[in-house]
Every structure is written in structure tokens, then in C-alpha cells.
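**Q** A structural model of the following input is requested.
(one chain, ligands or ions: 1)
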Amino acid sequence: MTILDGKKVSADIKAEIKADVDKMKQRGEKVPHLAAVIVGNDGASLTYVGSKVRACEQVGFESTLIKLSSTISEIELLDKIHQLNKDENIDGFIVQLPLPKQIDTQKVLMQIDPDKDVDGFHPTNFGKMALDMTTFIPATPFGILELLERYNVETKGKHTVVIGRSHIVGRPMSILMGRKGFPGNSTVTLTHSHTKNITQITSQADIIITALGVPNYLKAEMVKDDAVIIDVGITRVPDEDHPKGYVITGDVDFENVSKKVSYITPVPGGVGPMTISMLLKNTLLAREQHRFKKGL
Ligand code: GUN
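**A** So this is what the prediction gives:
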């Protein structure tokens, strides 16, 4: 069994990006600038956004964190987005999800300039992704592809089962694994809350990508020998023995599942760190595209 070490691969990618940024600086070019908008005080969201901003500092990007009140109106948030769209200094930005109830998420995502949409959530970019065109691929699916590629995990002709159909992970992942090329060329089954006999489906899978958010959901008896397991779950489970009062737990019963599979991602240290590095990669791409557009 091989651990797909997202922490290590993510550090490698950050080092590669930093080398690119150092070259940009030597040439006297502007470095990439990422902005992150966070609405409200959700602890997990604040942690994730904090990690994204710290990662920018590590690779030499500029970053701007915009914290907005949980009571902000939709109009005020849209106003902020229009400002960021217009701001020549900012190459890409994200609006951390979930958003408070009074705000229509789709309406907000639709207003982000697709050229600055480094999360790849705008319908234009999602459509381009589905059509195999160059675009910003959502960071978590992009990170999973990168892990499979760097560990040379065979995906061609394999049966990939995706658990969960979220717009951020499950749905794009199901499209990407079926694309031509590597990683891809898989036969994909997308399962969700209405799927019947899930164990029958998962136990036939060569590759399982689970993005459900239910701790320890995937048990050893649901998995065939030598399968490849990608765990996207990151649920905070209360634990008084831990200084933070919780532990981050994945969707996979790692202790038992890891004994019978060929590759598996740990939680933490698997997909999570990859997501951040791929957001940086998308921001670097945004910078290059803006420079190209301006003919510099
Ligand atoms: N919330 C959970 N994952 C993500 C992500 O990848 N991007 C944004 N913007 N919000 C998220």
C-alpha cells in the first residue's frame, strides 16, 4: 500500500511555483496577486482562507484578505465583487463558500469575471472544463488529478466511483475522470444520496473518490482489494483529548481500508494541502493570461 502524500507533493508544487515567482521578480515583472473574500465568522472557513493567504506568502505572491460581516446584503457583496473585477492589481480572487443564507451563491459566482475566477466555479469556466478547453479547474479536483499524475496511478479503462455530487468536488471530478488523456479515460459512476445498493457499486470500483463529509463512512467491506482510495472528507469531530477540541476526520475508515488497498490518501495530509497548491497554480495561470492579454 502506498500513501498518496499530499503534504509532500503540495510542498513540491509550492517550491516549483516559488521558483517561477523568483524568476518573475528577477525580470522585474509584477508577481501574482490573489484576493480572498470571506463573509462571516465560520471557524473552518476562516482556517481555510487563512491557509490560502499563508500559502501566497510562502511562494512570494501578493495577497489580500477581505473580511465581510455575516449580515452583509447581497447587493453589498456584489459591489465588492465588481470592485475586484475592475482592480487591475488583482489577478484572481475567490469567494469562500458557504455564504450566509440571505445571499444567493449562484448569483454571486455568476458575477465573478471568468478571467479572475481562480476557483473555476463560474459557468463559463465549468463549461470550458467539460469541453476539455484550457481553463481554471476547481482546486480540489485539480489537486486529485495532480496526485494521481505524480504517483503515476493508472486511470485508463478503470472504473472510478465518485461519492457525492457537489458542484465543488463530486460533479467536476466525475467529468474530469472521464476525459480523454491522463489522468482520465476512466469509466465513471457518480453516486449520491438517492443511489441504491452503494456497497455493490463501490465494491466493483478500481478507484473511489469520496466527498461526502460523513466521518468513517467508507468501510473495508465496501472496497475491493487493491483499489485506489481518494478521501476528500474533512469533518471536524469533537475530541476533548485534542488541544483544539476536535480532530479532522475523513470519509474513509482509514485504519481498516488502508490494509487492503493499493493507494490511499490520508486525512489530514492528503487532498487538503493539494487544494491550496492548485489554487496557487490557477492564480499563476491567471497572472500569465493577464500579462499576455495586455501584450506585455
Ligand atoms: N469551500 C470549500 N471548498 C472551497 C473552495 O475550494 N473554494 C471556495 N471558494 N470555497 C470553498
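**Q** helices of the chain, residue ranges please.
**A** 6-26, 43-59, 74-86, 105-111, 123-130, 139-150, 170-177, 198-202, 254-257, 271-293 (DSSP state H).
**Q** now those helices as a markdown table including distance to the ligand, mean pLDDT and mean neighbour count?
**A** No exception for glycine: its C-beta is placed from N, CA and C like everyone else's. Shown next, in a markdown table, are those (distance: least, C-beta to the nearest ligand atom, whole Å; pLDDT from 0 to 100; neighbours: other C-beta atoms under 10 Å):
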| stretch | distance to the ligand | mean pLDDT | mean neighbour count |
| --- | --- | --- | --- |
| helix 6-26 | 14 | 98 | 16 |
| helix 43-59 | 7 | 96 | 16 |
| helix 74-86 | 12 | 98 | 15 |
| helix 105-111 | 9 | 98 | 15 |
| helix 123-130 | 13 | 98 | 17 |
| helix 139-150 | 5 | 98 | 23 |
| helix 170-177 | 11 | 98 | 23 |
| helix 198-202 | 24 | 98 | 16 |
| helix 254-257 | 21 | 98 | 16 |
| helix 271-293 | 6 | 96 | 22 |
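**Q** point me to the residue of this structure nearest the ligand.
**A** residue 97 (3.8 Å; C-beta to the nearest ligand atom).
**Q** which residue is nearest the middle of this protein?
**A** Among the residues of the chain, the one closest to the centroid is residue 140, at 1.8 Å (C-alpha atoms, centre = their mean).
**Q** surely it meets residue 169?
**A** Yes: assessed by C-beta atoms under 8 Å, residue 140 is found in contact with residue 169 at 5.0 Å.
**Q** tell me, what's touching those two both at once?
**A** Common neighbours of residue 140 and residue 169, using C-beta atoms under 8 Å, 6 or more residues apart in numbering, are 211, 232.
**Q** what parts of the stretch 151-296 of the chain come near the ligand?
**A** Residues of the stretch 151-296 of the chain found near the ligand (C-beta under 6 Å from any ligand atom) are 168, 275.
**Q** can you map out the strands along the stretch 151-296 of the chain?
**A** Per DSSP state E, counting those that start in this stretch, the stretch 151-296 of the chain carries strands over the ranges 159-163, 187-191, 207-210, 228-231, 235-238, 246-249, 263-264.
**Q** any chance of those strands in JSON lines, with mean pLDDT too?
**A** Putting the strands of the stretch 151-296 of the chain into JSON lines (pLDDT from 0 to 100) gives the following:
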{"stretch": "strand 159-163", "mean pLDDT": "99"}
{"stretch": "strand 187-191", "mean pLDDT": "98"}
{"stretch": "strand 207-210", "mean pLDDT": "99"}
{"stretch": "strand 228-231", "mean pLDDT": "99"}
{"stretch": "strand 235-238", "mean pLDDT": "95"}
{"stretch": "strand 246-249", "mean pLDDT": "96"}
{"stretch": "strand 263-264", "mean pLDDT": "99"}
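**Q** could I get these as a markdown table with distance to residue 219?
**A** Below are the strands of the stretch 151-296 of the chain laid out as a markdown table (distance: least, C-beta to C-beta, whole Å):
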| stretch | distance to residue 219 |
| --- | --- |
| strand 159-163 | 13 |
| strand 187-191 | 15 |
| strand 207-210 | 11 |
| strand 228-231 | 12 |
| strand 235-238 | 16 |
| strand 246-249 | 14 |
| strand 263-264 | 14 |
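**Q** those strands: which one's closest to residue 13?
**A** Nearest of the strands of the stretch 151-296 of the chain to residue 13, taken as C-beta to C-beta: strand 228-231 at 17.1 Å.
**Q** what packs against that closest one?
**A** helix 139-150, strand 207-210, strand 263-264 (3 or more C-beta pairs under 8 Å, 6 or more residues apart in numbering; DSSP states H and E).
**Q** as JSON lines, the ones you listed with distance to residue 193 would be great.
**A** Converted to JSON lines, these look like this (distance: least, C-beta to C-beta, whole Å):
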{"stretch": "helix 139-150", "distance to residue 193": "20"}
{"stretch": "strand 207-210", "distance to residue 193": "13"}
{"stretch": "strand 263-264", "distance to residue 193": "24"}
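**Q** reformat the helices of the chain as JSON lines; add distance to residue 242.
**A** Below are the helices of the chain laid out as JSON lines (distance: least, C-beta to C-beta, whole Å):
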{"stretch": "helix 6-26", "distance to residue 242": "19"}
{"stretch": "helix 43-59", "distance to residue 242": "14"}
{"stretch": "helix 74-86", "distance to residue 242": "34"}
{"stretch": "helix 105-111", "distance to residue 242": "32"}
{"stretch": "helix 123-130", "distance to residue 242": "37"}
{"stretch": "helix 139-150", "distance to residue 242": "25"}
{"stretch": "helix 170-177", "distance to residue 242": "29"}
{"stretch": "helix 198-202", "distance to residue 242": "30"}
{"stretch": "helix 254-257", "distance to residue 242": "17"}
{"stretch": "helix 271-293", "distance to residue 242": "17"}
